[in-house]
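> dropping the sequence and predicted coords here.
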There are 4 protein chains.
Amino acid sequence: MAVNAGILGATGYAGNELVRLLSGHPDVELTYLSSESYKGSEVAAVYPALSGIIDMSYRPLDISAVADACDVVFIAMPNGEAMKMTPSLLSAGVKVVDLGADFRFKDYRLYEEWYGITHLSPDLCAEAVYGLTEINRDRIAGASLVANPGCYPTSVLLPVTALTRLGLIDPAGMVIDAKSGVSGSGRALSLASHYCETNDSITAYKVGSHRHTPEIETGILETTGCDCTVTFTPHLTPMTRGILSTVYAETEAKSDEEILSALAEFYKESRFVRLRPAGNYPSTKSVYGSNYCDIGLKVDRRTGRMVIVSVIDNLVKGAAGQAVQNMNLMLGLPEERGLAASPLYP
Amino acid sequence: MAVNAGILGATGYAGNELVRLLSGHPDVELTYLSSESYKGSEVAAVYPALSGIIDMSYRPLDISAVADACDVVFIAMPNGEAMKMTPSLLSAGVKVVDLGADFRFKDYRLYEEWYGITHLSPDLCAEAVYGLTEINRDRIAGASLVANPGCYPTSVLLPVTALTRLGLIDPAGMVIDAKSGVSGSGRALSLASHYCETNDSITAYKVGSHRHTPEIETGILETTGCDCTVTFTPHLTPMTRGILSTVYAETEAKSDEEILSALAEFYKESRFVRLRPAGNYPSTKSVYGSNYCDIGLKVDRRTGRMVIVSVIDNLVKGAAGQAVQNMNLMLGLPEERGLAASPLYP
Amino acid sequence: MAVNAGILGATGYAGNELVRLLSGHPDVELTYLSSESYKGSEVAAVYPALSGIIDMSYRPLDISAVADACDVVFIAMPNGEAMKMTPSLLSAGVKVVDLGADFRFKDYRLYEEWYGITHLSPDLCAEAVYGLTEINRDRIAGASLVANPGCYPTSVLLPVTALTRLGLIDPAGMVIDAKSGVSGSGRALSLASHYCETNDSITAYKVGSHRHTPEIETGILETTGCDCTVTFTPHLTPMTRGILSTVYAETEAKSDEEILSALAEFYKESRFVRLRPAGNYPSTKSVYGSNYCDIGLKVDRRTGRMVIVSVIDNLVKGAAGQAVQNMNLMLGLPEERGLAASPLYP
Amino acid sequence: MAVNAGILGATGYAGNELVRLLSGHPDVELTYLSSESYKGSEVAAVYPALSGIIDMSYRPLDISAVADACDVVFIAMPNGEAMKMTPSLLSAGVKVVDLGADFRFKDYRLYEEWYGITHLSPDLCAEAVYGLTEINRDRIAGASLVANPGCYPTSVLLPVTALTRLGLIDPAGMVIDAKSGVSGSGRALSLASHYCETNDSITAYKVGSHRHTPEIETGILETTGCDCTVTFTPHLTPMTRGILSTVYAETEAKSDEEILSALAEFYKESRFVRLRPAGNYPSTKSVYGSNYCDIGLKVDRRTGRMVIVSVIDNLVKGAAGQAVQNMNLMLGLPEERGLAASPLYP
C-alpha cells in the first residue's frame, strides 16, 4: 500500500526534484504539493518537463489539510518556515523531512547566531535526527523528524567523517574549498544567477561567513567527537548541477591505496558512496542526476596533507535524493528505493 | 526470463547511452559489450559514472561470440560496419537494431550516393523496418532488423508525418532549421567538439549537404506518400544534449488550438510525444535525459506558414532510447519499458 | 578636442557596452552617465570590470543637465522613453543616437501597433535616420537623430539588403531563423535569463510575433524598395553574446563563388563586413566582442534557395558598436574610430 | 619605428593570443609567424576571427630566418623546444620571451625533475629573468631573455609575493586551490577538452603533482626569501578563459581594510593589479579578455587564515598579455602599451 507523501514548497528546485523523484517511487503516492507562488497552477504548466508524468496542481499551504492527506511530508521552504509547522505535523502523526536548516543544530542558539532567526521550536532541535544517511542510518530509521543535511556539508561529511573515524585524518583546521553549480542558489531570481553574470565565469562568495560552516563543524563533532574549526570557501561555478568539495586535512597516512581500501571497507554497505582508484579524481558530471557521492583522494607527502575530492549532485544527494533515502529508512523501505537512476553521462 | 542483449560499439556516446538504459531495463541482461578502442577495459574505468552499476568489460568484436551470447544486438558503430555483420546475426536468429544509417534507405543507391559507401547487403535494405516507433509500430513489432532513425529525422518526422497525414501542412519545400548539442557529433575528438571552439558560440555546418536530408525526404515519402524536397540546415549549439528543430511548412490551417487538438488525437496512444499548449514552445531542457519528443507550433498567418518547434534528447529519443523502444516492440514488451525516467530539470 | 558624450541608461548591458567602448574612444569624453537604479553609485561598484578604467558615478536623469554636458547622447533605455526626451535634446543642439525602437519606423503607427505604446513624437519618426551604417552612411553623416537598428535586424539586413540590391535573392517570403545569446534580453531579471533555465538548453520564443519582424520588413522596403512579408523566429541560445541568423530566400543564382564575389564588391569599403569563402560558415565566436558582421552562404540547388548565415556580437554590432559607428559618421570621424578591437577567440 | 616581432608556435591558443594582441600594438610589426601544423596557411583560414585584421601566412620554423626577420621573438611552443633555439636567437641579438617553462627555474635540475626533460641550455637558466612583471620590472627591463610565468603561478604570486613582503602572511604551508578554464590546456585535442566531457562539470586533476607547484615555490623564494612548501590543486572548470586561485595562508593580520590598504600602496604603480573592497571578491568574468589581475581577500579570524581570491585571464595576464607587458619593458616602451583593452563584460 502506497505511502502518502506531501511536498511543501514544491516549485523550488529542491521541491521539484522531490516531485520528480517521488513521482517515480514505487511505494509513494504524492498527495499534496504546496506552492504559494503558483497555487492553483498545474505542475505541467510550471515545469513542462513533468507534463504527462504527474497530473496534479499546486495548493496553498494548509497544514491541517496537509496532515490529513499525508503520512510523510517534505519541507522545502525558506529557513524559518519549517519550525512553524513541524509541531502540528508531528502531533498529527506525520513524519517530517525538512530540507532546510531549522533542525540541523542540536543547539538552537547556534542556528539563531548564524541564521539570524529566533527559533520557535527549540525543543525539536534535540529530537530531530541529522539525516546524513550513510552515517546515521539507525537513528534515522526510528525518527519522526529528520533534518536533511545541507548540500555542501553532505559532500564534505561523507568522506571526512569516515576518514576521521578511521584515524586517517585530523579534521582540526581543515581547509574546505567547495565549488557549486548555480541550482544550489535556487530558482529565485538574483543577479548572481543571471545567465550572463555566471556563464563562463567563476567566483568566490560568502568567504569565511557561509552558514554551512557551523553545520560542517557540528557534523564532525557529532559523528566523530572531534571539536574542530574549519575554513570553508564556497564558489559559484558555471554549471547547473553539482558540487565538488576539495578538502585539505592533516594526515600521517602514507599510502593512497591503503586509505582507499579502508574507506571502501567503511562504506561497503553504502551503494551510493563510490571510490575512485588511486590517482583518479571524480568530476561532478559522473554523478549528474543521481544520488551518488564519488570520492577520490591523495596524500600530498610534501606537505603532510590529504587532498580529498568529493562530488555530488547538489539537488539529489545534496537535497531531494538524500531526503528520499531518509524517508525510505523512516518507513522501513530499502534505502535505495526510487533512487536507482544512473548518472546521466555525458 | 531476461532477454540477452549485446551492444556493438559500446563506448561511443550512443553506445554508452544504451548501456545506461539497458542496465536499468527490468527484462534485459547485457551479455556482450564490444569496443575496439577499449577492449579489455572495465566499463567503470572508461565511464566512471557507471561504476557500481554495471560490472562488465568491453570485448573485441567477435560476431559468432556475439550471436551465441545475444538474443538482440544493438549496433552503434560507424556507418558501413553494420552492413558487414548484420547478415550473420540475422542468420543466427539474432534480432538487430542498427543505430547507423546502413539500413535506413529502401533504395540502397540513395545510401551509396549520400554516404559514399558501397552497400554490401543491399537486399537487407528492403527488409529492414525504419524504426520511427510511433509511426511504424506494427511493422517494427514483426521485424528482425530495425534501422533506427537519425537524430535530426526523428525530431522532424514525428511532427511532420502526423501533420501531413492530418492534411494540415504541405511538406513540399519545407525549411528545416535544426540545432543540435555537441554529443550528436559523438565522442571522437575533433576541433569542432573542442570545448573552447564550441562554448559560448553557435555555428551552421554542412549547409545544404547533411546526410540526414535524404533520410527526412524518404521518411516523409514513406510515411505520408508525399514526394518532397526540403532545405535542411543543422547548427552546432553550445549544449551537451538536445536537438531543437524548427520546421517551416506551408499551411492553410488557421487555428493553433485546432491543429494541436488534432495532433493530440493522432498521438493519443503515444506517451513519448507531448504537445505544448498554443503560444508555448518547448526547450530542449524539458526533455533532457528522457525519451520524450515535445512539440509546439504556431501558424504565422501573415505568411501562411506553420512554424513547428520539436525537441528531443538526441542521445535518447534520437538514438538509444528509441532503439530500446523499438527493441521492446520487437520482443513483445510494453513500448515504454525501461524508458520511464523523467527529464532532468533543471 | 574631445566630443562630450552622455549615455542614458548606462547600467543595462547595451549602456554599459557603450561605456566600455567610449571609455576607450580617443575622441570622446564621457560626461554624463544616467541610471535610475544605481544613481549615486560609482561605475566600478556596479561593473567591477571597469574598475580603474573609468572613474565616474551614475547620475539621475536630468535632461537639461544632460543637454548642458553633452554634444552627443546615446539613449539605451526601455522603449517609449526616448520619445519623451529627444525633442528637448535636439532643440538644445545635442545629437542623439537612440538604441531603442522609438524612431525606427517612418510610420509611427507601425510602432504603435507592434509596441503598444502611443507615440509622443511622431514627427521625429520621419526625420530620424535608420542607422544601418554600411547602407545608410550618407544620411547618417548628416543626421541629428539616428535610430540604431535592432540586433536581429542588423544581422539580417546587412546580407539581405546587399543581395537584394544585387538581384541575387528575392526577399519576399523569406524565412529567418535567428539564434541569440542571453545578453540580448538585457540585465533585467527574469526566469528566462536564470542560469539554470537557459544553460545547456535552446528554445524558441515569440514565434510569429517578435517586434523585430516589422523592423526587418520595413528595413528591406526602405533599402531595396521590395515590399515583403517574412517569417521570423528567434531562439534563446545558451551563450552570453552573439546572434546567428540563418536566412532562407528564393534565388536563381547558381554559383556560390560568384555571389560571394559580388557581395565582396558591394561591401569593399566596409571593413566590418567580412565574407567567408564558399563552403565555410561563421560562428558567433569569430566576432565575439567586436563590431564585425561575418557572412557565409550557399545556394541549395535542390530547392532553389539561398541559405545565408550571418553573425554579429549583439552588444557590439547589434547595439553599442554600431551606435558608436554611427556617432563617428555624425561627427565626421572615421567610421571605425574606437572600434578596432579584434574579436576575442577563443 | 616599429619593432619587428616573431611568434613561434603561432597557432596554439597562447600563440594566437599574441597575434591578436600584437596585431593591435602600435609599436610592433609582426614579421614571422611559425606553425608546423599549419605552415603555408593564411592566418584567416585557421583563425577566421582575425580575417581582415592580419594578412599573413604561417611559415615553417627556420631559426636563421627568424633571427633575420625579428628584433624580438615570442616562443609559444611545447616545453623543451625553447631551449634548443634560444641560444641562436640570443647570439643573433634577438630578444626572447619564452612562454614555456624551459627558463623558469634558476636551478635547471628542478626543471629536469618535474618536466622529465634533459636541459640543453642550463647556463641560460641563470641568465633568464622570471617575467613576473609587477615584481621584477627592473630586471626585466635589462633582460635579453625573459621566462614568462605560468598561468597559475601568475595568479598566485601577484598577491602572495606582495602580502609576504608586507609581512601580512606566512606563505609556508599555504593551500592553493586553483580553478582554470579549458583554454589553459591549449588547442590540442584530448578527451578532457572535449565539450561534452567538460561542459556542466568540474573536476580536479594532477592533485599533488602539477608542474606549477615548484614554480610557485621557487617564485616565492626568489621574490620574498621564504623557502616554503605548498599544496597546489588545479581544477578544470567549464569556461573558456579565466583562472581563479583561492589561497589559504596563515596570518596574524586582523583588519581586511588595513591589509587592502597596504596592498594598494604596494601596487600603486601597477595599473593591471586591481583590488576589491573588503567583503567583495572578483569573478574571472571581470577580467575577461584583459591583462588585469583582480584580488579580493578576507581574514578568517576563526582559523587565523587569510583567504585570498585572485583572478586573471589565463591567455592574457597568464600568458600572452604578460609576455607583451614584458616585451614593452625590454624595449623601453610604456608597460601598458597595446594592452589597454577593457575586460569584456558580460
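Looks like it came in fine.
> going by C-alpha atoms from here, please, whenever you check contacts or count neighbours.
Will do.
> now for residue A:73: which residues touch it?
Contact analysis of residue A:73 by CA atoms under 8 Å, 6 or more residues apart in numbering or on different chains lists A:5-8, A:94-97.
> what's the answer for residue A:240, then?
A:181-183, B:346, C:195-196, C:199, D:200 are the contacts of residue A:240 under CA under 8 Å, 6+ apart.
> quickly list the domain ranges of chain A.
In terms of domains, chain A is parsed into A:3-127, A:152-314 (source: automatic domain parsing).
> which residue is it, in the stretch 201-346 of chain A, that comes closest to chain B?
residue A:286 (4.3 Å; CA to the nearest CA).
> ok, of the contacts of residue A:240, which one's closest to residue A:227?
Checking the contacts of residue A:240 against residue A:227 by CA to CA gives residue A:181 as the nearest, at 29.7 Å.
> tell me the confidence at the closest one?
Residue A:181 is assigned 98 on the pLDDT scale.
> reformat the domains of chain A as TSV; add distance to residue C:103.
Listed next are these as TSV, based on distance: least, CA to CA, whole Å:
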stretch	distance to residue C:103
domain A:3-127	37
domain A:152-314	28
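> which of the ones you listed is buried the deepest?
domain A:152-314 (a mean of 22; mean count of other CA atoms under 10 Å in any protein chain shown).
> SS state for residue A:233?
Secondary structure, DSSP: H, G, I helix; E, B strand; the rest coil: residue A:233 is strand.
> and residue A:244, by the same measure?
State at residue A:244, reduced to three classes by three-state DSSP: strand.
> does it have beta-bridge partners, and which?
Note on residue A:244: beta-bridge partners by DSSP bridges are residue A:179, residue A:311.
> how far away is it from residue B:295?
36 Å (CA to CA, to the nearest Å).
> so how far is stretch A:177-196 off the chain centroid?
The chain centroid and the centroid of stretch A:177-196 are separated by 16 Å under CA atoms, centre = their mean, to the nearest Å.
> any idea how far apart the tips of that stretch sit?
Using CA to CA, the end-to-end distance of stretch A:177-196 comes out at 24 Å.
> so residue A:68 belongs to a helix, correct?
Yes: looking at residue A:68 with three-state DSSP, it is inside a helix.
> quick one: pLDDT of it?
Confidence score, pLDDT, at residue A:68: 98.
> can you check residue A:1 too?
In this model, residue A:1 carries a pLDDT of 74.
> which residues of the stretch 101-250 of chain A lie near chain B?
Within the stretch 101-250 of chain A, the positions lying close to chain B (CA under 8 Å from any CA of the partner chain) are A:183, A:200, A:240-241.
> any chance of those in a markdown table with secondary structure and distance to residue D:302 as columns?
Shown next, in a markdown table, are these (DSSP: H, G, I helix; E, B strand; the rest coil; distance: CA to CA, whole Å):
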| residue | secondary structure | distance to residue D:302 |
| --- | --- | --- |
| A:183 | helix | 29 |
| A:200 | coil | 33 |
| A:240 | coil | 32 |
| A:241 | coil | 30 |
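> show the subsequent helix or strand relative to the strand or helix carrying residue A:22.
With secondary structure defined by DSSP states H and E, residue A:22 is part of helix A:13-23. Downstream of helix A:13-23, the next assigned helix or strand under DSSP H and E is strand A:28-34.
> contact residues of the stretch 201-346 of chain A facing chain C?
A:239-240.
> in the stretch 151-300 of chain A, which spans are helices?
A:151-165, A:195-198, A:212-224, A:256-266 (DSSP state H, counting those that start in this stretch).
> using CSV, please lay out those together with mean pLDDT and distance to residue A:230.
CSV is the format used below for the helices of the stretch 151-300 of chain A (pLDDT from 0 to 100; distance: least, CA to CA, whole Å):
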stretch, mean pLDDT, distance to residue A:230
helix A:151-165, 98, 11
helix A:195-198, 98, 27
helix A:212-224, 97, 7
helix A:256-266, 98, 22
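> distance to residue B:27 added to the contacts of residue A:240, as TSV?
Listed next are the contacts of residue A:240 as TSV, based on distance: CA to CA, whole Å:
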residue	distance to residue B:27
A:181	36
A:182	38
A:183	35
B:346	30
C:195	39
C:196	35
C:199	35
D:200	33
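> among these, which one lies nearest to residue A:154?
residue A:181 (14.9 Å).
> up against chain D, what does the stretch 101-250 of chain A have?
Near chain D, when you scan the stretch 101-250 of chain A using CA under 8 Å from any CA, you find A:173, A:175, A:177, A:196-197, A:199-205, A:207-208, A:229-231, A:237-242, A:244, A:248.
> from residue B:80, how far out is the residue nearest to residue A:247 when sequence neighbours are not counted?
Distance criterion CA to CA, 6 or more residues apart in numbering or on different chains; nearest residue to residue A:247, sequence neighbours excluded, is residue A:176 at 4.5 Å. For residue A:176, the distance to residue B:80 (CA to CA) stands at 51 Å.
> check residue A:186 too.
47 Å.
> again with residue A:136
From residue A:136 across to residue B:80, the span is 55 Å (CA to CA).
> in contact with the one residue in the stretch 151-300 of chain A that gets nearest to chain C, which residues?
The nearest approach of the stretch 151-300 of chain A to chain C comes at residue A:195, 4.0 Å away (CA to the nearest CA). By CA under 8 Å, 6+ apart, the contact list for residue A:195 reads C:182, C:193-196, C:198-199, C:240.
> swap the cut-off to 7 Å and go again
C:182, C:193-195 (CA atoms under 7 Å, 6 or more residues apart in numbering or on different chains).
> distance check, the residue sitting furthest away from the middle of chain A against residue A:313.
Largest separation from the mean C-alpha position in chain A: residue A:302, at 33.8 Å (CA atoms, centre = their mean). Between residue A:302 and residue A:313 the computed distance is 32 Å (CA to CA).
> repeat that for residue A:299.
Residue A:299 is 25 Å from residue A:313, by CA to CA.
> go on, residue A:224?
For residue A:224, the distance to residue A:313 (CA to CA) stands at 25 Å.
> quick one, strands of the stretch 201-346 of chain A?
A:203-204, A:231-236, A:243-250, A:273-275, A:293-300, A:305-312 (DSSP state E, counting those that start in this stretch).
> between these, which gets nearest to residue A:329?
strand A:273-275 (16.8 Å).
> circling back: ok, the residue farthest from the centre of chain A - contacts?
Taking CA under 7 Å, 6+ apart as the definition, residue A:302 has no contacts.
> quick one, phi psi at it?
phi -60, psi -30 (degrees, to the nearest 10).
> dump the residue contacts of the closest residue to residue A:199 other than its chain neighbours.
In space, and not counting its chain neighbours, residue A:199 is closest to residue A:238: 5.3 Å by CA to CA, 6+ apart. Taking CA under 7 Å, 6+ apart as the contact definition, residue A:238 lies against A:181-182, A:198-202, D:200, D:238.
> can I get these in CSV with distance to residue B:118?
Shown next, in CSV, are the contacts of residue A:238 (distance: CA to CA, whole Å):
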residue, distance to residue B:118
A:181, 48
A:182, 50
A:198, 50
A:199, 46
A:200, 45
A:201, 49
A:202, 51
D:200, 40
D:238, 42
